[in-house]
Each structure stands twice: as structure tokens, then as C-alpha cells.
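S.K.: Kindly return the folded structure for what I paste below:
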Amino acid sequence: MMRTSWKRTETPLDVLSAERCAVIKVIFLVVLIFSPFAAAIAFIITYEEYSKHLVDKREVLKISLRMALVTLVFFLTVPTLLIWLFMK
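M.R.: Numbers count the residues shown, from 1 in each chain. All right, here's what the predicted structure looks like:
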């Protein structure tokens with residue numbers, strides 16, 4: 001009977017040092033706090049500018065909400081992708 005030894009494979013988180021894990025946690029915390037803030041600012045700026053040029057308030061609201069959503073998605077995904085790229 002052949003005996004096989006089970007070797008544990010390393011995951012990417014096993015390789016990370018404690019300092020790098022702490023930095024990643026801080027970055028994610030900052031992203032989660034400031035992304036909604038950036039989206040709100042983008043909404044306010046877009047709403048103010050478009051309300052000067054467009055008459056239909058429903059259209060202005062729709063454009064402003066779309067811009068806020070794009071800003072939120074951008075600021076949530078880009079730092080995550082950068083962390084993923086630099087972990088390699």
C-alpha cells in the first residue's frame with residue numbers, strides 16, 4: 001500500500017506578510033468610506049451643472065444618478081484591481 005503525504009497548498013493570503021495585510025485592510029476601509037462620499041459629490045456637481053442647462057428636472061436627476069453610480073463603481077473597483085495587480 002502506497003502512502004501519500006498530504007501537503008497543504010499555499011493561498012495568496014498565506015504568502016502575505018502581516019504588514020501587507022494591514023495595508024490592504026486600511027485601503028479597503030478608506031475605499032468603503034470615501035466611495036459613497038465621492039459618489040454624492042459627483043451627484044451634487046452634476047445636478048447643479050445640468051440644472052443650469054436643462055429644463056427637465058427628471059432628466060437632470062437621471063443623469064446625475066447615473067454619474068453617481070459610475071463614480072461609485074469606479075472608486076470601488078479600481079483600488080481593488082490595483083491591489084490585485086500589485087499582490088503578484
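
S.K.: Longest helix in this structure, please.
M.R.: For the chain, the helix with the greatest residue count under DSSP state H is helix 18-53.

S.K.: Pull out the buried positions in it.
M.R.: Across helix 18-53, burial judged by 16 or more other CB atoms under 10 Å covers 24, 31, 35, 38-39, 42-43, 46-47, 50. In this view, the C-beta of every residue, glycine as well, is placed from N, C-alpha and C.

S.K.: of those residues, closest to Val60?
M.R.: Tyr50 (4.6 Å; CB to CB).

S.K.: who touches the closest one in this structure?
M.R.: Contact analysis of Tyr50 by CB atoms under 8 Å, 6 or more residues apart in numbering lists 59-60, 63-64.

S.K.: One more pass at 6 Å, please.
M.R.: 60, 63 (CB atoms under 6 Å, 6 or more residues apart in numbering).

S.K.: Distance check, it against Lys57.
M.R.: Tyr50 sits 10 Å away from Lys57, going by CB to CB, to the nearest Å.

S.K.: before we move on, what about Ala39?
M.R.: Going from Ala39 to Lys57 by CB to CB gives 20 Å.

S.K.: Thr71: neighbouring residues, count only.
M.R.: Thr71 has 20 neighbouring residues, counting by other CB atoms under 10 Å.

S.K.: Pretty sure it sits against Ala38.
M.R.: Yes: contact criterion CB atoms under 6 Å: Thr71 and Ala38 qualify, at 5.5 Å.
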